[in-house]
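Participant: Sharing a model prediction with you, sequence too.
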Amino acid sequence: MAAAPQREYPSYWAIVWEQFRKQRTSMIALYTVVLLFVIAIYAPVLSSSVPFIWRDESGLSFPWFRSLLFNRNLFDGSIDIFFNMLLVLSPFFLVSRLVLGRRIRDLETRKASKVENQHLAVWAMILIGLFLIMNSIEPRVAVPEYRELAAAGADTFSLFPPLRIQCSDTLHGATGPGLSHLLGIDDAGRDIFVRMVYGTRVSLSVGVIAVSIYITIGTTVGAVAGYFGGTTDMVAQRFIEIFLCFPSFFLILTFTGFLRQPSIIWIMVFIGIVRWTGPARLVRGEFLRLKNIDFVTAARASGLTNTRVIFRHVLPNAMGPLLVNATFGVAAAILVESTLSFLGLGDPTLPSWGRILSYGRATGDTRMMLIAGFAIFVTVSAFNLSGEGFRDALDPKLRR
Amino acid sequence: MSDETLISVRNLQKFFPVKKGLLRRTVGHVRAVNDISFDIKKKETLGLVGESGCGKTTAGRSLLRLIEPTGGEAIYRGRDLFKLDGSEMRKLRKNLQIIFQDPYSSLNPRMTIESLIGEAIRIHGLADAEGARTQVQELLERVGLQASYVSRYPHEFSGGQRQRIGIARAVALNPEFIVCDEAVSALDVSIQAQVINLLQDLQDEFDLSYLFIAHDLSVVRHISDRIAVMYLGRIVELAECDEMFSRPAHPYTQALLSAIPEPKPRSTRERIILQGDVPSPINPPTGCAFHTRCPAAYTRCRQEVPELADIGAGHMAACHLYDEPARAEMTALDMHNDVVRLVRAGATLSKRRGAPDTEDLTKSPLQLGDPSEYQEQIDTVIRKAKSVTGEFPAFNKDGAKGASTPESSD
C-alpha cells in the first residue's frame, strides 16, 4: 500500500490543549507558572556565593557544581536537594529530548507517544533515584569563603553567579534597594531578593507535593467507593463526612502546633491528609457516572480484571476534573503554607514568603510585606487562572 | 442454524431493590426480569422484543453477568454461568460478547481504535502487541472500515462507523454468542440495513449465535430465526419467526404486531389499541401480568400466572386462552363473563370495519342458576362472537384445540 499522507489524529488531551491555547489569560497564567518553576530550579545559577569556576595557586576547580550535589550550603533541606537534582538533570534531559524528537518524527503517532512516555518515565526514575542517594549522603565538605577570598584577591581567575549571595548569608546592616542588593537587606542582614527567589522553591514544592499526596489518597478512596459501591461506598462516605466536619485549616494548625520543630515535609503531609476529601468525592462521583457507561461495561464484558478496568478505562476519563481540582489545590496549598509561616508555625529554617511577610510586619518594613504579598498573589492567581483555563478547555460546551 | 443448544437459560430473574427513607431500607423490588426461560441454539438468532422497560436489556445483560442476576441459571458448555467465580467467568467472557445500542458511549474516548479492539486480544493471550495490531487491521477491513484507522480515536467516526467498531470489538475474541442489545436502534435506516447485513455475514462466517434485542419488529423479523416477546419481565410468547408473524397467539403479541406500520397507504388492517399503561414492575398485577390491558382477559387471568407452554408445533405462549383442560373446569358464569369481554372487544373491531352493530350482544341478560338453563344462550353468544372476531382465538367449550384462527384477510 502506498504511504498515504499521514494525518495527525489528535488525542483527547491534544484537543484539550488546543482549546486551552485559545484562552489568552490562561496562557499568560500558565507561562507565569512555568516561569516560576524555572526561577525555582535555576535559583543557584542566579545567586550563590560559590563560584562556577575557581582558579588559584592549587589549580582549577568547579566548586559550584560540587556544591549543588554535595554541600547543603544553600539551606538545609530535601526540597533544595530535589530542585538541585532537577537543575543538574535538566540539560541532559533537554538534550535527550531533542535527540528523541528527531527520532519520533519518523514514527507514527501511536509509537511516538509510547516512546515519549517511556522516556519521561526513565528520567523520572533517574531523578528520584539520584534524589534519594543524595538525600542519604551526608558529606559536609566545608565550603571555603570564596567571596571573601575573591575580595582578598586570592584567585587568579574566578567566575561567580550574577549575585554572590547565599540565601542563608548574614550580611551587615540593613540597606535599601540597590544594584548589589536588588531589594535591599533586612534587619537580620539577609538579602530580600535572594530569599524571595529561594522562597519560590518552598512554595512550589509545598503546592505540588501536598497536592500529590492528597490526590493519591483521594483518588484511591474515591475510586474504590465509586466503583464497588454498596457497603464500601457507604463506609467511605461516612469517613469522608467525618473528615469534612473539621475545618481543614484549623486541623492543619493544630497538627503543626504539636510539632516541636515544624518541618516543611510535615506541613506537606498535614495538608495532604486533611484535604483529600475533595478529590475523593470528585473521583467517586466520576466513577459513579462512568461505571455504568457502555464502554466500561464493554471492558468488563471483554473479561478484563477490575484493576485494569479502573486504571485503563475509568480513571483516564475522570482525569480532567481531577487535573482542574489539583491545579486549584496547588494554589490553595501555597496559601496554607504562607499562612502558617506568617503565623510563625512554618519551618523556621526556610526562606518562605509567608515568613518574609511576617518578618516585614514585625519590623515595620512595608516594602518587604508588599514584595512577599505580591509574590504570593501572583503565584496563587497564576495557578487559579490556569486551573480555570483547564476547566473551560475540558468543557465541551465551551468549545470554540 | 442447528438444533444443538448453545445456552440454556432457566428461570432467569433480576430484581432491583427499591430503597427508601433515611436508612435506605428495601421497600420493594423492581421485577425487571421475572422468571424467564429460553434456549439459544447454535448459529441461531433469537429475537427478543417488547416495549421499553419490559426487561429486554436487563435480560441480555444479566445473562452475561454484566448485571448480577438475582436467580436462575444459564447453562453454557455444561456449566452454570451464574455460579462461576470471577476468574472462571473472565475466561469464558471471550466466548460471550455484547454489542451496545449507543455507539457514542460504547467506545472509550481516550483510547485509539487499536487499543480499544486489541486490548482484549492481548489480555486473553490470543496475540502479542504486533499480532494484535494486525488482527485489528483485519477486523476493521472485515467490518467495512479501512485498516489505516487503527491509530484514530473514536470521536473521528460517525455513528455507523462507530457501531462497526463496536461489532469488530465483539467479534475480535472469536466468540460463540453475542448479545446484540438494540445494536441497530440508534442508527438511521440506511445504515441499519448495512449493519444488519454485516451481522448476518459475520454470523455465517464465524458461526455465531445472536440474542438480538430490539423494539423494531421489522428488523427482528428480518434477522431472527425465532422470536421471544417480553411483557413486564416475562416472556409471553416464543415461536419461529414466520409462525409468530403469521399466527400470533398471545393477545399482547397480536396488539404488538398490529402496530407495525404498513407500507401500503390504503391498507385497512385493524390496529388493536391497548387501553391503559404498562403496570409498574414494582407491583406487577396478580395472575397474568397482561390481564389489566388484555381485551380477552377472564377471571382466571387475574388469579393464576400462565405458564409458557407449547400450544402446538413448538409455538410457546403464556396465555390461559390456550389452556383447554382448565377452561373446561370453568364455571358457566366465568365463561359467560369471558364471552362478554371477548365480544365487547370484537364489537369494537367490527364496528370499525363497518360491521353491523353487535353492541346488543353484550346486553343479553345474565342469569344465575343452573348452567344448563343458559348454556344455549352462551352458545349463541359464542357463535356470534366467532363470526365477528376473526382475530381472536376460537373460543369453544368443547375442549377442541383453540388454535388461533388465521388473520382475517381484508
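Facilitator: Nice, I can see it.

Participant: tell me which parts of the stretch 1-150 of chain B are close to chain A?
Facilitator: B:61, B:64, B:66, B:89-94, B:96-98, B:100-102, B:105-112, B:114, B:119-120, B:123-124, B:148, B:150 (C-beta under 8 Å from any C-beta of the partner chain). Bear in mind the C-beta positions are built from the backbone N, C-alpha and C, glycine included.

Participant: Please narrow the residues you listed to those residing in strands.
Facilitator: Counting by DSSP state E, the part of these found in strands is B:96, B:97, B:98.

Participant: Just put the residues you listed in JSON lines and tack on pLDDT, distance to residue B:37 and neighbour count.
Facilitator: Conversion of those to JSON lines gives the following (pLDDT from 0 to 100; distance: C-beta to C-beta, whole Å; neighbours: other C-beta atoms under 10 Å in any protein chain shown):
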{"residue": "B:96", "pLDDT": "91", "distance to residue B:37": "18", "neighbour count": "27"}
{"residue": "B:97", "pLDDT": "92", "distance to residue B:37": "22", "neighbour count": "26"}
{"residue": "B:98", "pLDDT": "92", "distance to residue B:37": "21", "neighbour count": "29"}
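
Participant: Looking at the residues you listed, spot the one nearest chain A.
Facilitator: Ranked by distance to chain A (C-beta to the nearest C-beta), these are led by residue B:98 at 4.9 Å.

Participant: Give the full set of residues in contact with residue B:292.
Facilitator: By C-beta atoms under 8 Å, 6 or more residues apart in numbering or on different chains, residue B:292 lies in contact with B:276, B:279, B:285.

Participant: And the residues you listed, which is closest to chain A?
Facilitator: When these are compared against chain A (criterion: C-beta to the nearest C-beta), the nearest one is residue B:279, at 26.0 Å.

Participant: What strand or helix carries the nearest residue to that closest one once chain neighbours are set aside?
Facilitator: Once flanking residues are discounted, residue B:279 sits nearest to residue B:285: 5.3 Å by C-beta to C-beta, 6 or more residues apart in numbering or on different chains. Using DSSP states H and E, residue B:285 falls within no helix or strand.

Participant: Tally up the residues packed near residue B:285, please.
Facilitator: Look at residue B:285: counted by other C-beta atoms under 10 Å in any protein chain shown, it has 16 neighbours.

Participant: still on that earlier bit, buried subset of the residues of the stretch 1-150 of chain B next to chain A as a PyMOL selection?
Facilitator: To isolate the buried members of those in PyMOL, using 16 or more other C-beta atoms under 10 Å in any protein chain shown:
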select buried, chain B and resi 61+64+66+89+90+92+93+94+96+97+98+100+101+102+105+106+107+108+110+111+112+114+119+120+123+124+150
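
Participant: what does the stretch 151-300 of chain B put close to chain A?
Facilitator: B:151, B:152, B:153, B:155, B:156, B:166, B:169, B:173.

Participant: Pipe those into CSV and attach distance to residue A:367, neighbour count and secondary structure per row.
Facilitator: Output for these, formatted as CSV (distance: C-beta to C-beta, whole Å; neighbours: other C-beta atoms under 10 Å in any protein chain shown; DSSP: H, G, I helix; E, B strand; the rest coil):
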residue, distance to residue A:367, neighbour count, secondary structure
B:151, 57, 20, helix
B:152, 58, 22, coil
B:153, 54, 21, coil
B:155, 54, 14, helix
B:156, 57, 13, helix
B:166, 66, 26, helix
B:169, 65, 30, helix
B:173, 70, 20, coil
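
Participant: Closest one to residue A:60 out of these, please.
Facilitator: residue B:151 (53.3 Å; C-beta to C-beta).

Participant: returning to what we had before: return the residues in contact with the residue nearest to residue B:279.
Facilitator: With C-beta under 8 Å, 6+ apart, residue B:285 has these contacts: B:279, B:291, B:292, B:302.

Participant: okay, residue 1: pLDDT?
Facilitator: By default, I'm working from chain A. At residue A:1, the model reports a pLDDT of 39.

Participant: you looked at the wrong chain, it should be chain B
Facilitator: 54.

Participant: One more: residue B:282?
Facilitator: 83.

Participant: I figured it was touching residue B:34, is that so?
Facilitator: No: in this structure, residue B:282 is not within contact of residue B:34 by C-beta atoms under 8 Å, at 11.6 Å.

Participant: of the two, who's got more company?
Facilitator: Neighbours were counted for residue B:282 and for residue B:34 using other C-beta under 10 Å; residue B:34 has more, 23 against 13.

Participant: which regions of chain A sit below the pLDDT cut-off?
Facilitator: Counting by pLDDT under 70, chain A shows low-confidence ranges at A:1-9, A:70-77, A:106-110, A:138-143, A:173-174, A:397-400.

Participant: Point out the residues in it that sit beside chain B.
Facilitator: So far as C-beta under 8 Å from any C-beta goes, chain A lies against chain B at A:4, A:9-12, A:108-110, A:293-295, A:297-305, A:308, A:312-313, A:316-317.

Participant: residue contacts, residue A:56?
Facilitator: Residue A:56 touches A:149, A:154, A:155, A:156, counting by C-beta under 8 Å, 6+ apart.

Participant: And it, how close does it get to chain B?
Facilitator: 59 Å (C-beta to the nearest C-beta, to the nearest Å).

Participant: Need the three-state assignment for the nearest residue to residue B:275 once chain neighbours are set aside.
Facilitator: Counting by C-beta to C-beta, 6+ apart, residue B:275 lies nearest to residue B:293, which is 5.9 Å off, once chain neighbours are set aside. Using DSSP: H, G, I helix; E, B strand; the rest coil, the three-state assignment for residue B:293 comes out as coil.
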